[in-house]
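Student: have a look at this prediction, sequence included:
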Amino acid sequence: GFKSALNYQYGTFFYRQTLGEGIWRNFIYLHPRARLYPYLMVWYQQSHQRGIDERVQAGPGLTCVVLRTKEHLLKLSATFTYETSDFRTASFRDRPDLRDRRIETTRITGRMYGEHQLLEGAVRLQYEAWVQPALSDGDNLRALVDAGLNIPVKKGFALRQSLRWSYESVVQRTNAHEDLLFTFVISYQKP
């Protein structure tokens, strides 16, 4: 199996760019319908807000499907990756020990993913949470929680509410370690 997902967010405030986040996540799976299956992950990321010119992360992983029914899906994964991050500058918040704008590290990623159809399929809850500690630097940690709720309102129309919280311990000097984004979307899909 193969999955590729591209997510980009752009924002301005009074003609000044405040948000420019892009991540392209790619996975190649071997026997993805099995209860336990291996995969290969490759991520590419850029972030105006966090001062990341380019980040590439790649490596093998293993997924265990804990629950799979028509209404529910719950998966746990672990991935071992090598990562290269090129930052805009070598000026990092709370990290005077880092003096190079390029940081290379290995990470282990623990991930939980779930989808649940509630109220006889009328509402769909989807979530993902992961934590990525660097193996060689205990103070280099990333984490994310992403959750969305889809509620159909009329034939073809649906409301989607999403909440995304992210944390990075290694950020440019002027940036915050945490970010919280709440979105509310009305979508239409031709029935």
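Tutor: On my side now, so go ahead. Residues are numbered from 1 along each chain as shown.

Student: setting aside sequence neighbours, what's the nearest residue to the residue most central in space within the chain?
Tutor: Geometric centre of the chain, nearest residue: residue 144, 6.2 Å, by C-alpha atoms, centre = their mean. Ranked by C-beta to C-beta, 6 or more residues apart in numbering and with sequence neighbours excluded, the top spatial neighbour of residue 144 is residue 166, at 4.7 Å. The way it works is simple: take the backbone N, C-alpha and C, and place the C-beta from them, glycine included.

Student: neighbours of the one you found, how many?
Tutor: 16 (other C-beta atoms under 10 Å).

Student: so what's it bridging to?
Tutor: residue 144, residue 179 (DSSP bridges).

Student: so who does it touch?
Tutor: Applying C-beta atoms under 8 Å, 6 or more residues apart in numbering to residue 166 gives the contacts 142, 143, 144, 145, 178, 179.

Student: I'd like the distance between the residue nearest to the centre of the chain and residue 25.
Tutor: 12 Å (C-beta to C-beta, to the nearest Å).

Student: can you tell me the closest non-neighbouring residue to residue 76?
Tutor: residue 64 (5.1 Å).

Student: who are the packing partners of the host helix or strand of that neighbour?
Tutor: Per DSSP states H and E: residue 64 is located in strand 52-68. Strand 52-68 sits against strand 36-47, strand 72-87, with contacts defined as 3 or more C-beta pairs under 8 Å, 6 or more residues apart in numbering; DSSP states H and E.

Student: what would the ones you listed look like in CSV with distance to residue 134 and mean neighbour count?
Tutor: Output for those, formatted as CSV (distance: least, C-beta to C-beta, whole Å; neighbours: other C-beta atoms under 10 Å):
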stretch, distance to residue 134, mean neighbour count
strand 36-47, 15, 17
strand 72-87, 8, 17
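
Student: ok, back up a step: list the buried residues for the strand holding residue 64?
Tutor: 52, 55, 57, 59, 61, 63, 65 (16 or more other C-beta atoms under 10 Å).

Student: closest one of those residues to residue 171?
Tutor: residue 52 (9.2 Å; C-beta to C-beta).

Student: show me the contacts for the closest one.
Tutor: For residue 52, counting by C-beta under 8 Å, 6+ apart, the contacting residues are 45, 46, 85, 86, 87, 88.

Student: go ahead and confirm residue 157 touches residue 191.
Tutor: No: taking contacts as C-beta atoms under 8 Å, residue 157 lies outside contact range of residue 191: 9.7 Å.

Student: between those two, which one's more packed in?
Tutor: Neighbours were counted for residue 157 and for residue 191 using other C-beta under 10 Å; residue 157 has more, 13 against 6.

Student: tell me the contacts of residue 56?
Tutor: 42, 43, 44, 45, 83, 84.

Student: am I right that the third one is in contact with residue 6?
Tutor: Right, residue 44. No: contact criterion C-beta under 8 Å: residue 44 and residue 6 do not qualify, at 9.3 Å.
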